[in-house]
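Enquirer: sequence first, predicted coordinates after that:
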Amino acid sequence: MPTIRFLTSGTDVDFPDGEDVNLLRVALRNKCGVPFKCATGLCGTDRVRIVDGAEHLSPPKRRERELLGDLLDEGVRLACQTYVSGPVSLYWDPDQKSIDEDSRAGKRLLAEWLDAEDGQ
Ligand code: FES
């Protein structure tokens, strides 16, 4: 039975072999404390950094790639957009805000959007 280790809260959650489970759903059901807002891949509040087991995660889809950008290469994923099929360990900043407020990727996105507005 694989285990998801939520290192920030010190919570280990087992799930049945052969299942793909949504990371945010598991976190919420087990009161792991992962911050979130939209649960639809739009806000980036539920960023988690994968320490082990990235190979057991679903590949990022377009929305997650667009929102996270370079952060994906640093092992960051959006819990609401990520499905887990094997053992994984992760942590997060319990005080983190939505991605437009406090991240490098957010600043990059904001700069892109501002440039786009300038060009119109
Ligand atoms: S909770 Fe908003 S992107 Fe996941």
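Expert: Received the coordinates, thanks. Residues are numbered from 1 along each chain as shown.
Enquirer: right, and Arg47 touches Ile99 too?
Expert: Yes. Between Arg47 and Ile99 there is a contact under C-beta atoms under 8 Å: 6.9 Å. Glycine gets a C-beta too; all of them are placed from N, C-alpha and C.
Enquirer: so what sits against both of these two?
Expert: Leu68 (C-beta atoms under 8 Å, 6 or more residues apart in numbering).
Enquirer: which secondary structure elements does the longest strand belonging to the chain sit against?
Expert: For the chain, the longest strand by residue count, based on DSSP state E, is strand 47-52. Here strand 47-52 touches strand 76-78, strand 88-91, going by 3 or more C-beta pairs under 8 Å, 6 or more residues apart in numbering; DSSP states H and E.
Enquirer: name the residues of the protein found near the ligand, please.
Expert: 36-39, 41-46, 78, 80 (C-beta under 6 Å from any ligand atom).
Enquirer: pull out the buried members of the residues you listed.
Expert: Among the residues of the chain next to the ligand, those scoring as buried are 36, 39, 41, 43-46, 78, 80 (criterion: 16 or more other C-beta atoms under 10 Å).
Enquirer: three-state assignment of Arg25?
Expert: Classification of Arg25 using DSSP: H, G, I helix; E, B strand; the rest coil returns helix.
Enquirer: look up how far Tyr91 lies from it.
Expert: Counting by C-beta to C-beta, to the nearest Å, the gap from Arg25 to Tyr91 is 18 Å.
Enquirer: please apply the same query to Arg5.
Expert: In terms of C-beta to C-beta, Arg5 sits 9 Å off from Tyr91.
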